[in-house]
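Colleague: Provide a 3D model corresponding to the input given below.
(2 chains)
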Amino acid sequence: MTIYKLNTPVSEEEVRKLGVNDTVYLTGTIVTARDAAHRRALEFHKEGKQLPITLDGLAVFHCGPLVKKEDDGWKVVAAGPTTSSRMDLFEDEFIKNFKVRIVVGKGGMGKKTVDAMKRYGAVYGAFTGGAAVLAAKAIKRVKAVEWSDLGMPEAMWILEVEDFGPLTVAIDAHGNNLFETIQTKVDNEKPAIYRKLGLK
Amino acid sequence: MVSGQVVENVAVKLLQLAVTELPQDVKDALKRAHHEEETQVGKSQLEAILKNVELAEKTRAPMCQDTGVVIFYVKAGSQVEGLDKVETALRNATAKATQEIPLRPNAVDPFTQKNTGDNTGRHVPYIHWEMVPGDTLEITVLPKGGGSENVSALGMLSPSQGIDGLKKFVVDTVINAGAKPCPPTVLGVAVGGGADIAMKLAKEALLKPLNQPNPNPELAKLEQELREAANSTGIGPMGLGGKTTVLDVKVDYAHRHPASYPVAVVVQCWAARRASARIHSDGKVEYLTHKVA
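Modeller: Numbers count the residues shown, from 1 in each chain, chains lettered A, B, ... in the order given. Have a look, this model is predicted:
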């Protein structure tokens, strides 16, 4: 278990050094994207259109932030992670096409994403679900908001962060998946739990 | 005569309290979980949660960006006049709170996918009415997050599966949910009634304080058994492994149709938010879940 402080853009070499259970704090630019923004980004790619920002080496954050409009721009009030498995539909293509190096969310992701992370060099950092004020505190500035027609939660928020974390590396770029390890343990435990409850 | 304006003000306050400050019994349960946690990753998750709860309370910011879909429970004293104004007041309060606190706009049309922007819409906020004797109006707000709602489940079991079937269904629901509902969670469990009644009772069970055991000894025993079973899964805080998967389990029941054995499990994330207040006939407001200066 090592603690890493990384700056974006992160290189492939840097993320390949990370292993599951490591802790990461990120400084630099991260971009929020939920289902709708993932879908649109991939449509843009298919049509050969440029994204509003180059994602190469950046972190994508599965988050629908709660933001407030103030005189000098947007202020992020709360920004915890959302359930990442919904983005399993898109994430392998997203990693492949846009070269994001760190995916931040909660709950982990499926095999297709794990394989893409191994192949193209990316990791999954679990941010404590619901710890939205802690996350907001590390967000220093809203650099821009794109695709706001998707609504506040689904828009693409481009954020400047400082020591954003702790992110627990739960999927590394070598095919290791902490959530899967836990799931296997849980499945192994199941017969004993049933027995204790007097179930067949 | 209850004033619409008072109801609106109280409801805005309740929403603010609910999303920024956990009731003491939930905070205590989280602290206990942190104290008892043995794995390093699990402990670090609970540490982040506690730090976040403290920050939210201090800065009066919503503790989670998913401020939920707003549900109200109203216990209306039969002698209270002006109850026809309550629904409008609660809708206005929800829209106002969305602007002021702010809350995340979470009311989306299922056909057009359009977000109304102010957390009101068809059947949103949902209001559960209960008529009780007396001249007071008790309002409870339950802002319910989506991640935990998505793993809630209804099992229309066969009566022959009975209580064993219930136990298995609850454990399986917890295991299938894994990391998704932001554990450690609170489980509301209800058996009987019918599909709708079981779900309603299970969700309402989330309003019970975590530090009070069920007054029915049989149900208290079942709650303990289910709590221990869920916590022996090892799913742990945020599904990253550890001792505490559920903070508590709350069970309720209704009599059932001879042919049916509905079991409902409503899952609530660690941010088990709720707030209640009682409005007296003289207009005095008493907050029941939070200390209000």
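
Colleague: Every contact and neighbour count from this point should use C-alpha atoms.
Modeller: OK.

Colleague: any idea of the pLDDT on residue 81?
Modeller: Defaulting to chain A. Note on A:P81: pLDDT of 95.

Colleague: other chain: chain B
Modeller: For B:E81, the predicted pLDDT is 94.

Colleague: From A:G198, how far out is it?
Modeller: B:E81 sits 53 Å away from A:G198, going by Cα to Cα, to the nearest Å.

Colleague: List the contacts of the lengthiest helix in chain A.
Modeller: Longest helix in chain A, counting residues (DSSP state H): helix A:178-196. For helix A:178-196, contacts defined as Cα atoms under 8 Å, 6 or more residues apart in numbering or on different chains pick out A:20-21, A:107-108, A:170-171, A:200, B:168, B:175, B:178, B:229, B:232-235, B:239-241.

Colleague: now do stretch B:195-203
Modeller: Residues outside stretch B:195-203 that contact it (Cα under 8 Å, 6+ apart): B:154, B:156, B:188-192, B:250-254, B:262-266.

Colleague: Only C-alpha atoms, please: export it in PDB.
Modeller: Only the C-alpha atoms of stretch B:195-203 are listed here, as PDB (Å, rounded to 0.1, in the frame of the first residue of the first chain):
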ATOM      1  CA  ALA B 195     -46.300  -5.800  -3.300                       C
ATOM      2  CA  ASP B 196     -47.000  -2.100  -2.700                       C
ATOM      3  CA  ILE B 197     -47.600  -2.300   1.100                       C
ATOM      4  CA  ALA B 198     -44.400  -4.300   1.700                       C
ATOM      5  CA  MET B 199     -42.400  -1.700  -0.200                       C
ATOM      6  CA  LYS B 200     -44.100   1.200   1.600                       C
ATOM      7  CA  LEU B 201     -43.500  -0.300   5.000                       C
ATOM      8  CA  ALA B 202     -39.900  -1.200   4.200                       C
ATOM      9  CA  LYS B 203     -39.100   2.400   3.200                       C
END
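
Colleague: Could you pull up the mean pLDDT of it?
Modeller: Mean pLDDT, stretch B:195-203: 98.

Colleague: and if you look at stretch A:28-42?
Modeller: The average of the pLDDT scores along stretch A:28-42 is 97.

Colleague: Please name every helix or strand in contact with the helix or strand bottoming out on mean pLDDT in chain A.
Modeller: Ranked by mean pLDDT, DSSP states H and E, the helix or strand of chain A with the weakest confidence is strand A:66-70, at a mean of 90. Strand A:66-70 sits against strand A:73-78, with contacts defined as 3 or more Cα pairs under 8 Å, 6 or more residues apart in numbering or on different chains; DSSP states H and E.

Colleague: What parts of chain A come near chain B?
Modeller: Counting by Cα under 8 Å from any Cα of the partner chain, chain A comes close to chain B at A:21, A:64-66, A:68, A:77-80, A:82-83, A:106-108, A:128-134, A:151-153, A:168, A:178-179, A:182-183, A:185-186, A:189-190, A:193-194, A:196-199.

Colleague: mind redoing it with 6 Å?
Modeller: Counting by Cα under 6 Å from any Cα of the partner chain, chain A comes close to chain B at A:65-66, A:78-80, A:107, A:128-134, A:186.

Colleague: And those, which two are furthest apart?
Modeller: A:L66 and A:V186 (34.0 Å; Cα to Cα).

Colleague: Looking at these two, which one has more neighbours?
Modeller: Neighbours around A:L66 and A:V186, counted as other Cα atoms under 10 Å in any protein chain shown, are more numerous at A:L66. The numbers are 24 against 19.

Colleague: was I right about the more buried one contacting B:Q65?
Modeller: Yes: with contact defined as Cα atoms under 6 Å, A:L66 reaches B:Q65; the gap is 5.3 Å.

Colleague: Between those two, which contacts overlap?
Modeller: A:A78 (Cα atoms under 6 Å, 6 or more residues apart in numbering or on different chains).

Colleague: Distance check, the spatially most central residue of chain B against B:G147.
Modeller: In chain B, the residue lying closest to the centroid (Cα atoms, centre = their mean) is B:L206, at 4.4 Å. B:L206 is 16 Å from B:G147, where distance means Cα to Cα.

Colleague: And the strands in chain A?
Modeller: A:3-7, A:23-32, A:59-61, A:66-70, A:73-78, A:102-105, A:123-127, A:139-146, A:156-171 (DSSP state E).

Colleague: Tell me which of those strands sits most buried.
Modeller: Mean neighbour count (mean count of other Cα atoms under 10 Å in any protein chain shown) peaks for strand A:123-127 among the strands of chain A, with a mean of 29.

Colleague: Compute the first-to-last residue distance for stretch B:250-265.
Modeller: End-to-end for stretch B:250-265, by Cα to Cα: 10 Å.

Colleague: What's the mean pLDDT across it?
Modeller: Stretch B:250-265 comes out at a mean pLDDT of 98.

Colleague: rewinding a little: counting only strands, which of the contacts of stretch B:195-203 make the cut?
Modeller: In this view, those that belong to strands under DSSP E are B:154, B:156, B:188-191, B:250-253, B:262-266.

Colleague: Using ChimeraX, make a named selection holding only the buried ones among those.
Modeller: With 16 or more other Cα atoms under 10 Å in any protein chain shown as the criterion, this ChimeraX line picks the buried residues out of the ones in strands among the contacts of stretch B:195-203:
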select /B:154,188,189,190,191,250,251,252,253,262,263,264,265,266
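
Colleague: quick check: longest helix of chain B.
Modeller: helix B:40-59.

Colleague: can I get the CA coordinates of that one in CSV?
Modeller: Taking Å, rounded to 0.1, in the frame of the first residue of the first chain, the C-alpha atoms of helix B:40-59 are listed here in CSV:
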residue,chain,number,x,y,z
GLN,B,40,-7.1,-0.6,6.6
VAL,B,41,-9.1,0.1,3.4
GLY,B,42,-12.4,-0.2,5.3
LYS,B,43,-11.2,2.1,8.1
SER,B,44,-10.0,4.7,5.6
GLN,B,45,-13.5,4.7,3.9
LEU,B,46,-15.2,5.3,7.2
GLU,B,47,-12.7,7.9,8.1
ALA,B,48,-13.5,9.8,4.8
ILE,B,49,-17.2,9.4,5.6
LEU,B,50,-16.9,10.9,9.1
LYS,B,51,-14.7,13.7,7.9
ASN,B,52,-17.2,14.4,5.2
VAL,B,53,-20.1,14.4,7.6
GLU,B,54,-18.3,16.8,9.9
LEU,B,55,-17.4,19.2,7.0
ALA,B,56,-21.0,19.1,5.7
GLU,B,57,-22.4,20.0,9.1
LYS,B,58,-19.8,22.8,9.6
THR,B,59,-20.2,24.4,6.2
